[in-house]
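*Asks:* test case, fold it:
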Amino acid sequence: VGASLGVSALLTASTVAYETLRWAGVCYLLWMGGRMVWGSLRRHGRPTADERADVGTTYAGTTDDGTTDAERGGIAAGVRRGLLTNLLNPKVGVFYVALLPQFIPEGANHLAFGTLLTSVHILFGVLWSALVVGFARVLRRWLTGARARRVMDRVTGGVVIGFGVQLATAQK
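*Replies:* Numbering: from 1, shown residues only. Sure thing, here's the model as predicted:
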């Protein structure tokens, strides 16, 4: 909707607006990736969920019942994080400004048709994410193991930090 209303065009035209949003995105990516890596390092050698259940202890975002912060937040927390990540990435808006206009028929209402195309893109993203989540549920026991979580957090955190560094060093 922002792209259809011209917000992305503003970001493309205004270096100050683009750079401000870009650096906010850099900070967010570095914070998010650093938190994942740091959390995985803090969990090194910690008890498993079964061991914690036996003694009733908690650590690094895990509650007494063995659920993580992400599990407590549910879908709403995931939507908030995804929305914030996309809003702080100016390239998402630039992508829509560069991609959408060529698919809007001549004479069509740009706002309505652009929003429709964006909604289709979001729908495909949600369907893909649902497929990934369904697959992860099948592998849940293995994925929630302490060793697998440490490895995934370190790798994913490193990749997110890499995206942040790439965004920081990228040219407009």
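*Asks:* got the phi/psi numbers for residue 107?
*Replies:* Main-chain torsions, residue 107, degrees, to the nearest 10: phi 90, psi -10.
*Asks:* distance check, it against residue 113.
*Replies:* When distance is defined by C-beta to C-beta, to the nearest Å, residue 107 is 10 Å away from residue 113. C-beta: built from backbone N, CA, C; applies to glycine.
*Asks:* more crowded one of those two?
*Replies:* Applying other C-beta atoms under 10 Å to residue 107 and residue 113 shows that residue 113 carries more neighbours, namely 16 against 5.
*Asks:* once you drop chain neighbours, what's closest to that one?
*Replies:* residue 104 (4.8 Å; C-beta to C-beta, 6 or more residues apart in numbering).
*Asks:* pull the number of nearby residues for the one you found.
*Replies:* The burial count for residue 104: 17, using other C-beta under 10 Å.
*Asks:* how about residue 94?
*Replies:* 17.
*Asks:* same deal with residue 135?
*Replies:* For residue 135, the tally of surrounding residues (other C-beta under 10 Å) stands at 9.
*Asks:* and the gap between residue 168 and residue 82?
*Replies:* Distance from residue 168 to residue 82, by C-beta to C-beta: 21 Å.
*Asks:* with residue 95 instead?
*Replies:* 15 Å.
*Asks:* how about the strands in the protein?
*Replies:* Counting by DSSP state E, the chain forms no strands at all.
*Asks:* lowest-scoring secondary structure element of it by mean pLDDT?
*Replies:* helix 49-55 (a mean of 43; mean pLDDT, DSSP states H and E).
*Asks:* give the residue farthest from the middle of the protein.
*Replies:* Most distant residue from the mean C-alpha position of the chain: residue 107, 35.5 Å away (C-alpha atoms, centre = their mean).
*Asks:* show me what contacts it?
*Replies:* For residue 107, the contact set (C-beta atoms under 8 Å, 6 or more residues apart in numbering) is empty.
*Asks:* could you report the pLDDT at it?
*Replies:* Residue 107 carries a pLDDT score of 89 in this model.
*Asks:* how about the residue nearest to residue 113, phi and psi?
*Replies:* Backbone torsions of residue 104, given as degrees, to the nearest 10, read phi -90, psi 120.
*Asks:* so it makes contact with residue 114?
*Replies:* Yes - taking C-beta atoms under 8 Å as the definition, residue 104 is a contact partner of residue 114 at 6.3 Å.
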